[in-house]
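K.L.:
The following block contains a protein sequence and its predicted model.
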Amino acid sequence: MDGASLADKIREEMQYEVQEFETEFGRPPGLAMLVLGSDRRAIEYADRAKKEAYKIGMQFGAYLWPSDTGDRELQFLIRELNSHIQYDGISVQTPLPPHLNFEEMVVMIDPAKDVEGQHPLNVGRLFSNLDAMVPPPAAGGLELLLRYNVPLTGKHAVVVGRSRIIGKPIADLLTLADATVTVCHSQTQDLKHYLKDADIVVACAGVPGLIHGDMLKPGAAVLDFGMNRDDEDRMVGDVDWVSTYPLAGAISPTPGGTDPMTIMALLANTIKAARRLNLN
């Protein structure tokens, strides 16, 4: 499941949506992204998001603030962005510096502009089966499965990981798609027992090479969210590619699988937010 080539197709679709929005409202949708500190992955992600936003004609504002930014300064910036007419989406990258509280920060974001789907209102709406902003990694991963025509209805999906941005939301999305979902995690005993019965495996534990081919049912679809650095500083997934590729019915590579789809989903959320904000 090639997320990079699929992202090319989705980018063309969003270019049309952005042009349509700009014609209707006199400006393109806008995304503001905040990065505090010097975390390498956060900075790389922000740079990629900026490039993709510009490709589709979206306005993008990057706020790269030092790690010693105080919570009052951050709160002031978020309030400013909440009322900023040019920005329809606000994305705050983690990890935050240790002196800043993520829970306190995220509740300050206007839920209508919460394109990361982290505000408690959006989390609650998602788990109540209501229309909500879905965290981009989970939304992008599901889109990858759907666009590659992976059957979901009645299938057994095993999600390995329970994070709030991937594991929990994608488990809920798969349930809504009528899959039967099992969630495994660091305390699960005999992981192989569950994986051997899975038609769909979602790996999002953050453990490089956790899942090997001998743990899978032949023909299973494998969605790998792992973005780990090995000893040679190469990006590797939670799934051992060499042993799983010959067995899987479909598999997403690392990189080039779920990662391009995450950014596409973030931009799609921004367009969705822009339409809602301007039609209300």
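P.N.:
Perfect, I can see it now.
K.L.:
how close does Asp233 get to Thr254?
P.N.:
14 Å (Cβ to Cβ, to the nearest Å). Bear in mind the C-beta positions are built from the backbone N, C-alpha and C, glycine included.
K.L.:
And for Leu144?
P.N.:
Distance from Leu144 to Thr254, by Cβ to Cβ: 13 Å.
K.L.:
With neighbour numbers in mind, choose between these two.
P.N.:
Leu144 (26 against 23; other Cβ atoms under 10 Å).
K.L.:
quick one: the strands in the protein?
P.N.:
30-36, 59-65, 89-92, 156-160, 180-184, 200-203, 221-224, 228-229, 235-236, 250-251 (DSSP state E).
K.L.:
Any idea which of those gets closest to Asn82?
P.N.:
Asn82 sits nearest to strand 89-92 of all the strands of the chain, at 7.3 Å, using Cβ to Cβ.
K.L.:
contacting residues around Tyr45?
P.N.:
Gln93, Ile263 (Cβ atoms under 8 Å, 6 or more residues apart in numbering).
K.L.:
where does the stretch 151-280 of the chain have low pLDDT?
P.N.:
Applying pLDDT under 70 to the stretch 151-280 of the chain flags residues 280.
K.L.:
could you redo the last one with a cut-off of 90?
P.N.:
186, 227-235, 278-280 (pLDDT under 90).
K.L.:
And the stretch 1-150 of the chain, by the same measure?
P.N.:
Scanning the stretch 1-150 of the chain with the threshold set as pLDDT under 90 gives 38-41, 71, 94-95, 102.
K.L.:
For the stretch 101-250 of the chain, just list every one of the helices.
P.N.:
102-106, 120-127, 136-147, 167-176, 191-195, 241-244 (DSSP state H, counting those that start in this stretch).
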